[in-house]
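Peer 1: Show me how the following folds:
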Amino acid sequence: MSGTPEQGSTAGDGRGPAAAGAVWGDEERLTGEVEVRQTGTKLEPRHEYTVAAGEWQNLPDAVEDDLMVINMGPQHPSTHGVLRMVLTLDGETVVDNQPVIGYLHTGIEKNLEYRPWTLGVTFVTRMDYLSPLFNELGYCLAVEKLLGIVDEVPERANAIRVALCELNRISSHMVWLATSGMELGSTTAMIFGFRERETILNLLEEVTGLRMNHAYIRPGGLSMDVPDNFAERVHKVLAHLETKINEFEDLLTANPIWIERNKGVGILTAQQCYDVGATGPILRSAGVSHDLRKAAPYCGYEQYDFDVAVTDTADAYGRYLVRIQEMRESLKIVRQAVDGLPGGPVMVADKKVAWPAQLALGPDGLGNAKDYISKIMGESMEALIHHFKIVTEGFVVPEGQVYVPVESPRGELGYHVTSNGTNKPYRVRVRDPSFIHIGTLPALTHGLLIADVIAAVASLDPVMGGVDR
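Peer 2: Now for the predicted structure:
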């Protein structure tokens, strides 16, 4: 007989009995028994997993004990980037979850070893792309500590750093609310979250020239001062955001569907958080009041009045409550920073670190202002040469190594920076909280249904740009 399937048969995919000359007639479809005719060999009848394969109770008993392994990702809309999870399932229940990373590897840490210290800011700001200012701040604080100029950074620069980072924290949590809502079927939350985030990105663009990846925070201070109407613009944005956060709570906090999908899902106890090093909203949702802005203040955080948001549910719903409260506390911090904004410069006076002229945006929001260019070109040839050398070659940092952590929207973001006494880093090692939290997935999702895996992963708020680096 020819190896071509006859009319009324179903061709296989090369792996099942329909391959290489299988004939599936109507009788075989109904009974689930398949006869393969090839070189005179007849196989034993077997059951097929098809809709016409008969009653499920007639399947072999061994099938009831089989586990199934499937891939979720890396191209999946609910994995917050190119994250792959290899799920072992017993029916629809997760028995094991092995995360696979590396799909977004950028080599940023290695690239830093070939760039002057200041240029490193343009690399680190692109790792966790939802909170770029925190990467800039952590890196610059580490460089400043190596240089021994932490106390020389102007108060105005520190106040602006705090204000912008807290606005960045709110915008990051807005994205989390938007994406988490979308994954659980709340398109309204998605629209609200991305819409309100725009108000913050527009403000950051006015200050830094870019909506994201700002490269605004520099070793020794800031690249430029804020606009004259900064305080007025910030207060307008704060008033707007305060009402919108209330809308978020009205939409989700008491929503029975939101509660059902998040309460009791993705539980990580305080001890489990300690075991793996989980920090941020995950640790605080387990009842631990740990926040680096309080525990190890930097940039003058000890001067600000705010509370650490804590719950004790240890689940996805608790992480939602923590992030909502954190946004409210960030509003308080920004308001205090702007109201008490001191005058003065925004860069250290050390000419070996600071650029000779202060950067400024042009009237179109792009490029450099005319006054800035005139100052560089018009002072003296010596000043121009110095400017050229410090921009292209950078400054030398004394030998040593430091570890500096900051409290990012996702938890402890740490920079371990090593200098060998040259104008480039010897090694920069980043402790990204998303990388740590991805390691909690086996414990976080064990025993959950597949649908609840989505909510559990979303509650971690991982950003794969920070995981792979």
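
Peer 1: and residue 428, bridged to which residues?
Peer 2: residue 417 (DSSP bridges).

Peer 1: Can you give me the neighbour number for it?
Peer 2: Other residues near residue 428 come to 23 when the count uses other CB atoms under 10 Å. To be clear about C-beta, it is placed using only N, CA and C from the backbone, and glycine gets the same treatment.

Peer 1: pLDDT score for it?
Peer 2: Predicted confidence (pLDDT) at residue 428: the value is 94.

Peer 1: tell me, which helix in this protein spans the most residues?
Peer 2: helix 155-183 (DSSP state H).

Peer 1: Look up how far residue 329 lies from residue 95.
Peer 2: As judged by CB to CB, to the nearest Å, residue 95 and residue 329 stand 39 Å apart.

Peer 1: Neighbour count: those two, which is higher?
Peer 2: Of the pair residue 95 and residue 329, residue 329 is the one with more neighbours under other CB under 10 Å, namely 20 against 15.

Peer 1: and the closest residue to that one other than its chain neighbours, what does it touch?
Peer 2: Setting aside the residues directly before and after it, residue 329 is nearest to residue 306 in space (CB to CB, 6 or more residues apart in numbering), at 4.6 Å. Taking CB atoms under 8 Å, 6 or more residues apart in numbering, we find residue 306 in contact with 293, 329, 332-333.

Peer 1: wait, is residue 306 part of a strand?
Peer 2: No. Looking at residue 306 with DSSP: H, G, I helix; E, B strand; the rest coil, it is coil, so not inside a strand.

Peer 1: if I look at it, how far off is residue 345?
Peer 2: 27 Å.

Peer 1: in the stretch 101-250 of the chain, which spans are helices?
Peer 2: For the stretch 101-250 of the chain, the helices defined by DSSP state H, counting those that start in this stretch occupy 108-112, 121-124, 132-147, 155-183, 187-208, 230-252.

Peer 1: and the fourth one, how far from the chain's centre?
Peer 2: Yep, that's helix 155-183 we're talking about. 12 Å (CA atoms, centre = their mean, to the nearest Å).

Peer 1: Switch the helices of the stretch 101-250 of the chain over to a markdown table; also include mean pLDDT, mean neighbour count and distance to residue 222.
Peer 2: As requested, these are arranged in a markdown table below (pLDDT from 0 to 100; neighbours: other CB atoms under 10 Å; distance: least, CB to CB, whole Å):
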| stretch | mean pLDDT | mean neighbour count | distance to residue 222 |
| --- | --- | --- | --- |
| helix 108-112 | 92 | 18 | 20 |
| helix 121-124 | 92 | 22 | 11 |
| helix 132-147 | 94 | 25 | 9 |
| helix 155-183 | 93 | 24 | 5 |
| helix 187-208 | 91 | 18 | 9 |
| helix 230-252 | 91 | 16 | 12 |
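
Peer 1: could those go into CSV alongside distance to residue 438?
Peer 2: Below are the helices of the stretch 101-250 of the chain laid out as CSV (distance: least, CB to CB, whole Å):
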stretch, distance to residue 438
helix 108-112, 17
helix 121-124, 20
helix 132-147, 18
helix 155-183, 16
helix 187-208, 23
helix 230-252, 25
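
Peer 1: Nearest to residue 395, out of those?
Peer 2: Closest approach to residue 395 among the helices of the stretch 101-250 of the chain is made by helix 132-147 (8.0 Å; CB to CB).

Peer 1: Output that closest one as PDB - backbone C-alpha positions only.
Peer 2: Provided in PDB are the C-alpha atoms of helix 132-147 (Å, rounded to 0.1, in the frame of the first residue of the first chain):
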ATOM      1  CA  PRO A 132      16.500  54.500  35.200                       C
ATOM      2  CA  LEU A 133      17.200  57.300  37.700                       C
ATOM      3  CA  PHE A 134      17.800  54.700  40.500                       C
ATOM      4  CA  ASN A 135      20.500  53.000  38.400                       C
ATOM      5  CA  GLU A 136      22.100  56.400  37.800                       C
ATOM      6  CA  LEU A 137      22.000  57.300  41.500                       C
ATOM      7  CA  GLY A 138      23.400  54.000  42.800                       C
ATOM      8  CA  TYR A 139      26.300  54.100  40.300                       C
ATOM      9  CA  CYS A 140      27.100  57.800  41.000                       C
ATOM     10  CA  LEU A 141      27.000  57.300  44.800                       C
ATOM     11  CA  ALA A 142      29.500  54.500  44.400                       C
ATOM     12  CA  VAL A 143      31.800  56.600  42.300                       C
ATOM     13  CA  GLU A 144      31.500  59.500  44.700                       C
ATOM     14  CA  LYS A 145      32.400  57.300  47.600                       C
ATOM     15  CA  LEU A 146      35.500  56.100  45.800                       C
ATOM     16  CA  LEU A 147      36.400  59.700  45.100                       C
END
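
Peer 1: how distant is that helix from the center of its chain?
Peer 2: Helix 132-147 sits 18 Å away from the centroid of its parent chain (CA atoms, centre = their mean).
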